[in-house]
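Chemist: here's my sequence, what's the structure:
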Amino acid sequence: MVLTGAPALWLLFVVAQLVVSGRLWWWRPADLLPPFLFVAVPVLLTLVALPFRCSRRNAAVLCAGALAIGVSLAGFNPLGALRGGGPVPPDGVRVVSWNTGYWHEPGEEGDFYALLARQEADVYLLQEYLYYPDGVPVRVDELETLRQRMPDYHVAVAGELITLSRYPIVAQYGLDAPGAPVPPDSDFPDFWRYKTLRTDLRVGDRVLSVYNAHIPTPLWIGGPSPFSAQFWNTIRDLHGQRGPQLAALARDVEANPNPVFVAGDMNTTSAMGERERFPAGLRDAAEAGGAFYPASWPVGGDNFPSGGGWTGHSSRPACRCTGTSCATPPASPTTASSTRRCHRDTSTVA
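Modeler: As a prediction, this is how the structure comes out:
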């Protein structure tokens, strides 16, 4: 019974993950399973059942069903591992996306800006341009310092998001997300209001729309105990923040006629149902990055989408793009985080 019951329960769980994830807030803890388990678990259960003649056939059938359904959630990237990225074009645009982790600590300003400068990026998409003492977001005002330290860059800011660009910024705005809650007593309401900053850059004779996104986390790591009401209330509140922000990003990208490049901290794994809410037409370009299992944070992944003929080809935190291609620059030991990228071909742009 155990040898067939466990595969049956796992199959039911995988089906539930496909149906429920991203829709029901109380399912969130299940979303945090490492995605590779959707392949590893059915394989292990099959191996465990092999020595038992009376159970192995039923177990194998159930595990095969779970594997067939779950492989799309696992985040594996065999094509990327085989093909890798292409050469960096000489006129490429180097883009770095980085969640700074609440900007810099006191006394570390010099190291922080030195790290940024060493990336030699044409465009920086930075998240968490704020301090967060005692769980309260506090606005940072370092624009003057930024302009002094990075004098060749144009600067755009919305809430906790900041974009630096060597290319002229012809338009900029934070994406409004109707339905996203903003605490009435907050001293930094834009932190809650804007989780995506759009900047339109003049690159040669084209305008490239760059989206700098930081989708709210699905779970408060290090927060209250899972056995407390506050834990579940927090999950419900965070679920209510994520949906409107993803919808705002999708609406703006889908209505945008320009080539599109979206990067940031999406706080979303390959197994989460919210992937369906990403802008239509984006394609995951991680297969060109050379990593069999592309990931960034130790427990999750960022997405780095682009579109309109600007394609991404790297699982590192920076890439070089032209109007038709984008490739990985040499790796740097100072790199602070890695990302995944997506792209939308010109043929799929409405």
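Chemist: Leu208 in helix, strand or coil?
Modeler: Here Leu208 is strand, with the state taken from DSSP: H, G, I helix; E, B strand; the rest coil.
Chemist: any idea how far it is from Arg23?
Modeler: Distance check for Leu208 against Arg23: by CB to CB, to the nearest Å, it reads 34 Å. C-beta coordinates here come from the backbone N, C-alpha and C atoms, glycine included.
Chemist: more neighbours, the two?
Modeler: Shown here are Leu208 and Arg23; by other CB atoms under 10 Å, Leu208 has more neighbours (26 against 12).
Chemist: just for the protein, where's the confidence low?
Modeler: For the chain, applying pLDDT under 70 flags the ranges 1-2, 80-81, 83-86, 88, 222, 283-289, 296-350.
Chemist: per-domain residue ranges of it.
Modeler: Following automatic domain parsing, the chain resolves into domains at 2-73, 82-348.
Chemist: so what touches stretch 268-278?
Modeler: The contact list for stretch 268-278, computed with CB atoms under 8 Å, 6 or more residues apart in numbering, reads 17-18, 20-23, 31-33, 35, 38, 73-75, 215, 218, 242-243, 246-247, 249-250, 300-301, 303, 305, 342.
Chemist: now swap in stretch 123-140 and tell me
Modeler: Surrounding stretch 123-140, the residues in contact under the criterion CB under 8 Å, 6+ apart are 93-103, 116, 153, 157, 160-167, 186-188, 191, 201, 210, 212-214, 263-265.
Chemist: please list the members of the residues you listed that lie in helices.
Modeler: Leu116, Phe191 (DSSP state H).
Chemist: now, of the contacts of stretch 123-140, which are buried?
Modeler: Buried members of those, scored by 16 or more other CB atoms under 10 Å, are 93-100, 102-103, 116, 153, 157, 160-167, 188, 191, 201, 210, 212-214, 263-265.
Chemist: which helix or strand contains the closest residue to Leu116 other than its chain neighbours?
Modeler: What sits nearest to Leu116 in space, not counting adjacent residues and going by CB to CB, 6 or more residues apart in numbering, is Tyr124, at 6.6 Å. For Tyr124, the host element (DSSP states H and E) is strand 123-127.
Chemist: using PDB, write down the CA coordinates of that strand.
Modeler: Extracted in PDB, the C-alpha atoms of strand 123-127 (Å, rounded to 0.1, in the frame of the first residue of the first chain):
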ATOM      1  CA  VAL A 123      22.100  50.000 -17.900                       C
ATOM      2  CA  TYR A 124      21.700  49.200 -14.200                       C
ATOM      3  CA  LEU A 125      18.400  48.000 -12.900                       C
ATOM      4  CA  LEU A 126      18.600  48.100  -9.100                       C
ATOM      5  CA  GLN A 127      16.000  47.100  -6.600                       C
END
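Chemist: next helix or strand past it?
Modeler: Remark: after strand 123-127, the chain's next helix or strand is strand 130-131, criterion DSSP H and E.
Chemist: parallel or antiparallel, list what pairs with the next helix or strand along the chain from that next one.
Modeler: Where DSSP H and E defines the elements, the next helix or strand beyond strand 130-131 is strand 138-139. Sheet pairing here is set by DSSP bridges, and for strand 138-139 it gives strand 130-131 (antiparallel).
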